[in-house]
Structures are given as structure tokens and as C-alpha cells.
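Trainee: This is the structure alone, sequence omitted:
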């Protein structure tokens, strides 16, 4: 078996365990109240973290720099969200905004 | 999105996120193609690993000849945050069979997790396997197909970025975050904003010391602890 295939299989196994083991644990026991309270913050915290990560560029040993393109395109996307409250509208406005930013070389 | 929790509603609800999978999936296929991975390996990786950012990292580490152990550890670090998402969803499916739980967990992604959290706010805090399977399976198939197409046409597209499609995934997370903050009435909006603001600052500081994928995990944990402290204080 090739190295690439072994790598894919092992990475798949690790990722599957990460996804599935918490389900099995929760099914087998009842989570304590403090943990449920902790987890109630996961959606907003993790989505905020994923969003901010996309606005930054990592440089080893230095402060991250700003991804100007993504930052600029985020502004109309956020406004579209506030006005429409629709996921589809946010996505479409974001794509169009990014295409325009690149077409006009605004960064 | 409404209160419906059947298979059809799941397909309807996942549609807006499809753009994100297509944008990133095509990009991955193109990168994998230029990294000399065959179309078959691209398909296998998408079906077996099924994790956006990890697949990019695996591909680039394979290209630079990293040892298998290092690639597996990197995958573990990048995907560790998924266990937080699984643990957050699981209590809502505790009454379903172990098989259903494992099936849903197997295909859970950032996107379908966020969708399910949005959905909870409309369904009186309930989720059903039929709805979840629909969203998960559509996402899984679209991802696999998009990455394969990317690998097939990779050499034909000179500049895929010109269409702005790669931003779809960021826009999607903006939408999911905003909708989560305004529809999750279990906490006041101000608390959601405070936690999100705290996480943003922490991310900037953490990325001085660690790459983004690790920073997401650490910032999420710190953000949840911060939220608990604020809630406890009131």
C-alpha cells in the first residue's frame, strides 16, 4: 500500500474518532450541568473564532497580518445579513463583493 | 429555515452552505491536482478524511515529504475542535440509538453543526436524525463532487479566485454567526456579542504564537470559559 493511501486512512480514522467519540460518551452518560453550560457557548465562540481566523494571516513568530480582501468583502456580507437575515443572501453578496474587489483591484 | 425537521427540510436548509463547499472543494481539487495527487486519491481523501482545512494541510505535507506520523498529528490538531462541536450537538440526540448518533457524528462538519445550532432556535430545542442525515449527506456528496471536479479541471482554470467563489465559505460563517447570535434567545444578544468580541481579541493574540487552526480550538475554549464567568457573575 502506498504511503499516500496509508496517510489518508490514518488521518480519516483520527478524524472519525474525533467526531464520533463525543457522541458515544454523551450517549453513555449524562453530562454535568457545568459542562452543558460551557458547551452552550460553543456555537458563537467557535463561529467567531473561525471568522476572525479568515481575516488574519499567520506568520510564524510574528503578529498576524490582516487579510484585507476578506476584511473588505466581509463588510457588505455583514450588512446583507443584518438586512436580510438570510444565509443565502449573505453568501451571494459576499461572493459578488469579493469578485468586484478583485476585478477592480481594491486591495 | 423553519421548524420542520424532516428529510426534505434538511435538504432545503443545507442549500445555502452548498456554495461554500463548492468554492472550497474546487479550490482543494485544484491544489491537489497541482500537488500531483491523482483524481482517485482526491476522491478517497474527500470521502475518508472529509475535513476542509485538514485536507489542504495533508496535501501540502505529502508534497514536502513529511513523515506519516507528523501528518496524522497535524490532522488531529486541526480537527480537534470538531470534538467540541460533536459534544455540543450530542445531548440533543441522546435519546436516539447509538447507530444514529454515530452516523450523524461521522458526517458532522463545521457547517452542518452551525446549521443545527441555528435550527434548534426554531424547533423548541429539538433535532431529528432525518433532518441531520439530509443536511450531512448533501454536504458530503457536494464536497466530494466539488473536489473531484476541481482536480479534473484544475489545469483549465488559470485563476479560480477571480470569481470570488472562495469567499463563499467565509460569507457563510458570517451568516451563520450572525443568525446564531440573533436567534439563540437562551442568552441576551449582548452576551453573544461580548463572547464573540472576546474571542476575536484572543484570536489575534493567539495567532502571534500558533497557527490559525490551533488558535481556533484554544480561543473557543477560552471564549466558553469567559462566557461562563460572565454568566456566573450576573
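Mentor: It's in. The structure displayed is predicted, hence computed values, not measured ones. Numbering: from 1, shown residues only, chains lettered A, B, ... in the order given.

Trainee: Report the buried residues of the longest helix along chain B.
Mentor: The longest helix of chain B (DSSP state H) is helix B:7-34. For helix B:7-34, the neighbour count (16 or more other C-beta atoms under 10 Å in any protein chain shown) marks B:7, B:9-10, B:12-14, B:16-33 as buried. In short, each C-beta sits where N, CA and C put it, glycine included.

Trainee: elements contacting that helix?
Mentor: helix A:87-103, helix B:39-48, helix B:52-63, helix B:110-120, helix B:129-153, helix B:168-183 (3 or more C-beta pairs under 8 Å, 6 or more residues apart in numbering or on different chains; DSSP states H and E).

Trainee: In chain A, what residue lies closest to chain B?
Mentor: residue A:94 (2.6 Å; C-beta to the nearest C-beta).

Trainee: Report the angle between the longest helix of chain B and helix B:168-183.
Mentor: Calculated by axes from the mean of the first three to the mean of the last three C-alpha atoms, to 10 degrees, helix B:7-34 forms an angle of 150 degrees with helix B:168-183.

Trainee: Who are the contact partners of whatever residue of chain B ends up closest to chain A?
Mentor: Ranked by C-beta to the nearest C-beta, the top residue of chain B for proximity to chain A is residue B:171, at 2.6 Å. By C-beta atoms under 8 Å, 6 or more residues apart in numbering or on different chains, residue B:171 lies in contact with A:73-74, A:77, A:90-91, A:93-95, B:20.

Trainee: In contact with residue B:99: list those residues for me.
Mentor: Shown in contact with residue B:99 (C-beta under 8 Å, 6+ apart): no residues.

Trainee: Next, see if the helix or strand harbouring residue B:88 gets close to chain A.
Mentor: Element membership of residue B:88 [criterion: DSSP states H and E] is helix B:81-89. Yes. Judged by C-beta under 8 Å from any C-beta of the partner chain, helix B:81-89 comes into contact with chain A through B:81-89.

Trainee: And for residue 35, the neighbour number?
Mentor: I went with chain A, as the question did not name one. Neighbour count for residue A:35, taken as other C-beta atoms under 10 Å in any protein chain shown: 14.

Trainee: ah, I was thinking of chain B
Mentor: Close neighbours of residue B:35, defined as other C-beta under 10 Å, add up to 16.

Trainee: Spatially nearest residue to the residue nearest the centre of chain B (excluding sequence neighbours)?
Mentor: The residue lying closest to the centre of chain B (C-alpha atoms, centre = their mean) is residue B:110, at 2.0 Å. Residue nearest to residue B:110 in three dimensions, not counting chain neighbours: residue A:50, with 6.5 Å by C-beta to C-beta, 6 or more residues apart in numbering or on different chains.

Trainee: Tell me the confidence at that neighbour?
Mentor: As predicted, residue A:50 sits at a pLDDT of 93.

Trainee: Over to residue B:31?
Mentor: Predicted confidence (pLDDT) for residue B:31: 83.

Trainee: So it is in contact with residue B:53, correct?
Mentor: No. Using C-beta atoms under 8 Å, residue B:31 and residue B:53 do not qualify as a contacting pair, with a distance of 11.8 Å.

Trainee: Find me the pLDDT at the residue lying closest to residue A:20 once chain neighbours are set aside, would you?
Mentor: Closest residue to residue A:20 apart from its sequence neighbours, by C-beta to C-beta, 6+ apart: residue B:105 at 4.2 Å. Residue B:105 is assigned 98 on the pLDDT scale.
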